[in-house]
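**Q** Provide a 3D model corresponding to the input given below.
(chains A and B)
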Amino acid sequence: MRNVNNLEEIRRIISLHKKWDLVFMVAGIFALMIAVMTFMALFAHMLIDGMPRLSWEFFTSFPSRKPESAGIFSAWVGTTLVMLVTAVAAVPLGIGSGVYLEEYAPRNLLTEIIEINVTNLAGVPSIIYGLLALGLFVYQLGFGQSILAAGLALALLILPVVIVATREAIRSIPVTIREGAYALGATKWQTVSDHLLPYSSAGILTGIIIGLARAIGETAPIITIGALTFIAFLPPSPIKNEFPYVSIEWLTAPFTVMPIQMFNWVSRPEEAFQLNAAAAGLVLVVMTLAMNGLAIYLRYRMRKNIKW
Amino acid sequence: MAEESHIKIVPAGKLGYSFRRHLRERFIEIFLFMSAVLSVAIMLAIIMMLMKESFVFFQHVSIWEFLTDTQWTPLFDDAHYGILPLVSGTVVSSLIALLVALPLGTIIAIYLSEFAPFTVREVAKPFLELLGGVPTVVYGYFALLFVTPLLQVIFPELPGFNLLSAGLVMGIMIIPYVSSMTEDAMRAVPMNLREGSYAMGATRFQTAIRVVMPAAFSGIAAAYILGISRAVGETMVVAIAAGMQPNLTWNPMEPAATITAYIVQVSLGDLPHGSIGYQTIFAAGLTLLLITLVFNIIGHVLRKRYREIY
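**A** Okay, here's the model as predicted:
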């Protein structure tokens, strides 16, 4: 027992180190609390300012020069239509790309370039996508400042999200499933479409929802393509009375979306408009939170239910 | 012999090479390949579009003037094209944001990965994810109408638009990105490293700082780089809360425009396609892309060099 004399000393050192553990634990909880409190403050502030403005009329009125009669009708209709375009463009391309990279791609230079490139695309600031859409869709392809141009811009923006989610979902399926399908004579596409895609659908869906939730809140790219902020009319209806009952006229219509409407109201000096901004923000936050919440729930269910 | 009659006889042709089946497979593979290559095409299109318009811009304005002039007034009669005021705004707001996001994000990540009980982690992680999903325009509103008035209580001379409140809110906004990636990196460190450390008598804190963090260094570096790119490219918070006046300053208490805020400001007006004002936003965008690209490359190098393989 060489260190018996030092026992007190050792105990002292141990308790000192344990104290650091405690200090850090408190720091961790404190840091977490800062994030939580900020979110609470943000939500409470919007709730107090915006709640009185939330009424049926707010959802069914067009923007107006008079703050008390202004609403978000054209904004939420615009958001819905833009999201439709975004989903139609981003979902098949994202899934296709993810399937290719996981199941088809040979190990070569091109594959590596594509993989690095997807990572890099995810890091490109959203406003850059806006500039691309402005130059390419609005002017070069002549779509104008339309729902189509905005929807495609946002589709490009969320493409990496869908690709990564698809890849992760497919990668988590054990290789035995593929071997089983091939052993029964299935072709590659039969394996993918009958087994891999159905089994990974929850994971892919989670990615799509997260991507769309992000797209709903994106403001910068849509401002960049020059979307008007004062739109007191709706785009032409996609459904017609006479044959062929559907119309694509709305694709080229001018539009506004929720975040643009909110930005427009925030940047006005009158306080009454800022109350409108709070109400619009509240709707926007509830929408994105609901979507993200759904995605988190889906992932939770998936983790609980699937045990390969 | 009776059993044999149950076996369905398949004509040999059905099991053999089927042209139609093969053709369909090929078509699908080509579609999948095209959608994968599209991401490369998008990147090339971004670069080409920015280069094309910037090229025209740089025929009017020398690169030297662009990089050294201290005023950015492209829409005035007395036009100056110096990117420095926009860069200073971007740097100041990003620095403030990173001073908030990197320490807090790292502490949260270490806490969640090494200290927190299971239930806390299960609640905190989705919550942070939700926090990251709040639209940036809402954070801008919050910075302008909540944080700035709050700061004005402490600093009465603070103007209504300032880089400080935009930077602080941006920092809070980036925390979830940094913390979730850092935590993932730390959780990926194998358990036996921790067990070895505990066996030597190390405390949780010592294990986290001296064993887990160095082992997860490449992932943490990637998280920080992503945080930096987010801060530099963030648009709406600064456009709403920091004002849109280009201002060559390093003082966070002043209003100033960032590169992104300038692009927003121009886009809100009605600039004719092909005018020099129209080209300036592409030159500004190219600068922004180059800055984020440099950070992405640094991140890539760090990841490659410090990747630990277990």
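**Q** residues contacting the residue nearest to A:Leu32 when sequence neighbours are not counted?
**A** Leaving aside its chain neighbours, A:Leu32 sits nearest to B:Ile108 (5.5 Å; criterion: Cβ to Cβ, 6 or more residues apart in numbering or on different chains). In this view, the C-beta of every residue, glycine as well, is placed from N, C-alpha and C. Shown in contact with B:Ile108 (Cβ atoms under 8 Å, 6 or more residues apart in numbering or on different chains): A:Gly28, A:Ala31, A:Leu32, A:Ala35, B:Ala124, B:Leu128, B:Ile175, B:Ser179, B:Glu183.
**Q** what's the helix or strand for B:Ile108?
**A** helix B:84-110 (DSSP states H and E).
**Q** still on that earlier bit, list just the nearest of the contacts of B:Ile108 to A:Asn276.
**A** Nearest to A:Asn276 among the contacts of B:Ile108: A:Ala35, at 27.9 Å, using Cβ to Cβ.
**Q** let's verify the closest one: helix, strand, or coil?
**A** Secondary structure assignment for A:Ala35 (DSSP: H, G, I helix; E, B strand; the rest coil): helix.
**Q** re earlier: secondary structure for the contacts of B:Ile108 - can I get that in TSV?
**A** TSV is the format used below for these (three-state DSSP):
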residue	secondary structure
A:Gly28	helix
A:Ala31	helix
A:Leu32	helix
A:Ala35	helix
B:Ala124	helix
B:Leu128	helix
B:Ile175	helix
B:Ser179	helix
B:Glu183	helix
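**Q** of those, select the buried ones using a ChimeraX command.
**A** Listed next is the ChimeraX selection for buried residues among the contacts of B:Ile108, using 16 or more other Cβ atoms under 10 Å in any protein chain shown:
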select /A:28,31,32,35 /B:124,128,175,179,183
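**Q** low-confidence regions, the stretch 201-308 of chain A specifically.
**A** For the stretch 201-308 of chain A, applying pLDDT under 70 flags the ranges A:228-230, A:237-248, A:306-308.
**Q** which bits of it sit near chain B?
**A** A:210, A:213-214, A:216-220, A:223-226, A:229, A:259, A:262-263, A:266-267, A:274, A:277-278, A:281, A:284-285, A:288-289, A:291-293, A:296, A:300 (Cβ under 8 Å from any Cβ of the partner chain).
**Q** restricted to helices, list these.
**A** A:210, A:213-214, A:216-217, A:220, A:223-224, A:259, A:262-263, A:266, A:274, A:277-278, A:281, A:284-285, A:288-289, A:291-293, A:296, A:300 (DSSP state H).
**Q** what helix or strand is residue 127 on?
**A** Went with chain A since none was named. Per DSSP H and E: A:Ile127 is located in helix A:126-133.
**Q** looking at chain B here, not the other one
**A** Using DSSP H and E, the element containing B:Phe127 is helix B:118-133.
**Q** from the chain's centroid, how far away is that helix?
**A** 20 Å (Cα atoms, centre = their mean, to the nearest Å).
**Q** and the closest residue to B:Glu29 other than its chain neighbours, what pLDDT?
**A** Excluding the flanking residues, the one nearest B:Glu29 by Cβ to Cβ, 6+ apart is A:Tyr104, at 5.9 Å. Per-residue pLDDT puts A:Tyr104 at 91.
**Q** show me what contacts B:Met181?
**A** B:Gly219, B:Ile220, B:Ala222, B:Ala223, B:Leu226.
**Q** chain A next: which of the residues you listed are close?
**A** B:Leu226.
**Q** which residue is nearest the middle of the chain?
**A** By default, I'm working from chain A. Residue closest to the average C-alpha location in chain A (Cα atoms, centre = their mean): A:Arg214, at 2.2 Å.
**Q** not quite, I wanted chain B
**A** In chain B, the centroid-proximal residue (Cα atoms, centre = their mean) is B:Arg230; its distance is 3.0 Å.
**Q** so what's that residue closest to, chain neighbours aside?
**A** Per Cβ to Cβ, 6+ apart, closest to B:Arg230 is B:Ile174, 5.1 Å.
**Q** ditto for A:Arg268
**A** Closest residue to A:Arg268 apart from its sequence neighbours, by Cβ to Cβ, 6+ apart: A:Gln274 at 7.2 Å.
**Q** so the one you found sits against A:Met46, correct?
**A** No: using Cβ atoms under 8 Å, A:Gln274 is not in contact with A:Met46, being 10.7 Å away.
**Q** next helix or strand past the helix or strand containing B:Val169?
**A** B:Val169 is part of helix B:163-187 when elements are defined by DSSP H and E. Using DSSP H and E, the next helix or strand after helix B:163-187 towards the C-terminus is helix B:191-199.
**Q** state the next helix or strand along the chain beyond that following helix.
**A** For helix B:191-199, the following helix or strand on the C-terminal side (DSSP H and E) is helix B:204-206.
**Q** distance-wise, check the residue nearest to A:Arg268 relative to B:Val138.
**A** A:Gln274 is 13 Å from B:Val138, where distance means Cβ to Cβ, to the nearest Å.
**Q** and if you look at A:Ala165?
**A** 24 Å.
**Q** so for these two, which sits in the more crowded spot?
**A** Taking neighbours as other Cβ atoms under 10 Å in any protein chain shown, A:Ala165 and B:Val138 compare with B:Val138 leading, 29 against 25.
**Q** excluding sequence neighbours, find me the nearest residue to that one.
**A** A:Gly281 (4.7 Å).
**Q** which residues touch that neighbour?
**A** A:Met46, A:Gly50, A:Met262, B:Val137, B:Val138, B:Tyr141.
**Q** cool, and B:Phe155?
**A** B:Met253.
**Q** got phi/psi on it?
**A** phi -110, psi 90 (degrees, to the nearest 10).
**Q** find the helix or strand that residue 26 is a member of.
**A** If you meant another chain, say so; for now it's chain A. In this assignment (DSSP H and E), A:Val26 forms part of helix A:7-50.
**Q** I was after chain B.
**A** helix B:19-60.
**Q** run the chain-centre distance for whatever helix or strand comes next after that helix.
**A** Following helix B:19-60 in sequence order, the next helix or strand is helix B:63-68 (DSSP H and E). Centroid separation for helix B:63-68 versus its chain: 27 Å, with Cα atoms, centre = their mean.
**Q** buried set for helix B:63-68?
**A** Of all the residues in helix B:63-68, those buried under the rule 16+ other Cβ under 10 Å are B:Phe66.
**Q** related to what we said a few turns ago, my guess is the residue nearest to the centre of chain B is in a strand, correct?
**A** No: using three-state DSSP, the secondary structure at B:Arg230 is helix, not a strand.
**Q** appreciated, that's everything.
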